[in-house]
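Peer 1: Starting from these lines, generate the structure:
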Amino acid sequence: MTLLLSLLLHATLAIEPARPYDGVAATPAIDPAIATTAPPVAPATAPTPPVTPVKSDGATTAAAKPPGWRAPDYGLDTTAAPLDTTSAKFTPGKGVSLRSTDGRFVLNLSLRTGFQYTVQQPHDGAPLKHGLELRRLRTVFWGNVFGPHNQYFIQLALAPRELQLRDGTPHSHPAWDVYMQFDHLRDLTLRIGMYRPQYSRERLIQDINPLLVDRSLANAEFNLDRDIGLDLRSEDFLGLGRLRYFAGVFMGEGRNAEGLGDGGLLYTGRIDVLPLGLFDDYDAADLSRAKKLRMSFGAAYAYIDRAHADRGVLGNAPADGGTTDMHNATADALVKFAGLYLEGGWLWRRGTRNPGDAVDDAGDPIPTAAPRNGHGYFAQLGFLLPHTYLEPAVRISQVFAQGSDTALGDSSEVGGGLNYYLAGHNLKLQLDYFRLWKDDALRQGTDQLRVQLQVAF
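Peer 2: You can find the predicted model right below:
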């Protein structure tokens, strides 16, 4: 009996699990006499997580695609395109050009600048004024993406006047033009972004190309400047080589607008007729000395619903805080032949005020301001002298008030200048002189002299 109890006790101690001691699990004690020999078992290991590559700057890169993976089909070729190093070039006025080997991607970079000296001598007793300024400083990016029919254009303006710099603080952002254009359909080309609506021809001629140092007095009063919107257009309607059209809708707030508006919009439409065929009719001067007569006629209409500035997208807000519904119209003509350049235009505006509820310091309502109703015209002529790069030019322009209830006054300018084209519009020196006056006060007007050096590369 004693022997049997001893054997049972010995077996229990041999197979009892080890108990923890001070929180650490002890190794089970197994009697060698009853233990069986078993092959060693390798300890289990945790699965290794996938390694994400890391760049030298700490940013992670995308994990490798699994076998058989393919990019989604977007309808466009989105594969990488190598750079065509053999086509890289520099063209005066158009800058540096880079393109992919298949032509799907093109990037052009150009710069332009101009220095202008102005002196004004009033004849009403006011003192002489003069100044030298950086008139323009532009950086332009343009080209196409994902194919030649998807085009982009970006223009940044950095000169003090362009940034509306006052007391060292800019009051305007540097983006002047930012748009995309899709010309897959010749007669239904879409442009969307921020740019100049197709309205008056003189305003649509690029800043680097005006016939004289700056545009006319009538253009300054009646033009429609850059805005955000879209239009449909055709640069060669029906393929006839004689017609263009433009029809657009814009926000009507100008390029410095931000936030949400009140629902008012700017609607524009323009038609160009070129009876003798297409040519560069948005380029002042006949530098190519056209051997055949070239003519272009245009007309446009624009309606602004609830304009917040007294000149549409430009000007000052009416003191009463209201808006203005504006009808605008223009017609113009242009002729080029053998170095001769002739251009003229008429512009008109009629507005109806929507009074605001602004009050003065005493709490009294501010009277409703009158709209700037009126019309104006300009005519200018230039002639590139034979066998030279000199071009004398003259211009007259006037603005007239229309109706008894208008805030617009009469004004006039007459003058001329001389252009010297060292490398076309890409490097030119301009000088002009104008007499400016209000109403009929010609003798109390102002003499203005301007000299400008302009370069584009």
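Peer 1: make it CA atoms for all contacts and neighbour counts henceforth
Peer 2: Noted.
Peer 1: how about Glu221, secondary structure?
Peer 2: helix (DSSP: H, G, I helix; E, B strand; the rest coil).
Peer 1: so what's it up against?
Peer 2: By Cα atoms under 8 Å, 6 or more residues apart in numbering, the residues touching Glu221 are 311, 399.
Peer 1: Check it and give its pLDDT.
Peer 2: Note on Glu221: pLDDT of 97.
Peer 1: And it, how far from Val451?
Peer 2: 23 Å (Cα to Cα, to the nearest Å).
Peer 1: Please read off the pLDDT at Thr45 from the model.
Peer 2: Taking Thr45 on its own, its pLDDT is 50.
Peer 1: And Arg294, by the same measure?
Peer 2: For Arg294, pLDDT reads 98.
Peer 1: May I have the phi/psi pair for the closest residue to it other than its chain neighbours?
Peer 2: Leaving aside its sequence neighbours, Arg294 sits nearest to Lys336 (Cα to Cα, 6 or more residues apart in numbering; 5.1 Å). Reported as degrees, to the nearest 10, the phi and psi values for Lys336 are phi -130, psi 140.
Peer 1: Please apply the same query to Trp346.
Peer 2: phi -130, psi 140.
Peer 1: Can you verify Arg203 is assigned to a helix?
Peer 2: Yes: under three-state DSSP, Arg203 sits within a helix.
Peer 1: which residues does Gln206 contact?
Peer 2: Applying Cα under 8 Å, 6+ apart, the residues near Gln206 are 282-283.
Peer 1: Relative to Thr85, how far out is it?
Peer 2: 31 Å.
Peer 1: cool, and Trp437?
Peer 2: 57 Å.
Peer 1: neighbour count winner among these two?
Peer 2: Trp437 (21 against 11; other Cα atoms under 10 Å).
Peer 1: Skipping adjacent residues, who's closest to the more buried one in space?
Peer 2: Gly445 (4.2 Å).
Peer 1: give me the number of residues near that neighbour?
Peer 2: 20.
Peer 1: Equivalent analysis for Ala317, please.
Peer 2: Quick note: Ala317 (other Cα under 10 Å) scores 17 neighbours.
Peer 1: Please report the distance of the residue nearest to Arg294 from Met295.
Peer 2: 7 Å.
Peer 1: The two: which has the busier surroundings?
Peer 2: Between Lys336 and Met295, Lys336 has the larger neighbour count (other Cα under 10 Å), namely 27 against 20.
Peer 1: how far away is the more buried one from Ser87?
Peer 2: Distance from Lys336 to Ser87, by Cα to Cα: 34 Å.
Peer 1: ditto for Gln120
Peer 2: Taking Cα to Cα, one finds Gln120 at 49 Å from Ser87.
Peer 1: quick one: which of those two has more around it?
Peer 2: Legend: neighbour count by other Cα under 10 Å for Gln120 and Ser87, higher for Gln120 (19 against 12).
Peer 1: Please look at Ala317 and Arg306 and confirm they touch.
Peer 2: No: here Ala317 does not reach Arg306: they are 11.6 Å apart, not a contact under Cα atoms under 8 Å.
Peer 1: to the chain's geometric centre, what's the distance from stretch 261-281?
Peer 2: 18 Å (Cα atoms, centre = their mean, to the nearest Å).
Peer 1: Stretch 87-95 too?
Peer 2: The answer for stretch 87-95 is 21 Å, by Cα atoms, centre = their mean.
Peer 1: Show me which residues of that stretch are buried.
Peer 2: Using 16 or more other Cα atoms under 10 Å as the test for burial, stretch 87-95 gives 93-95.
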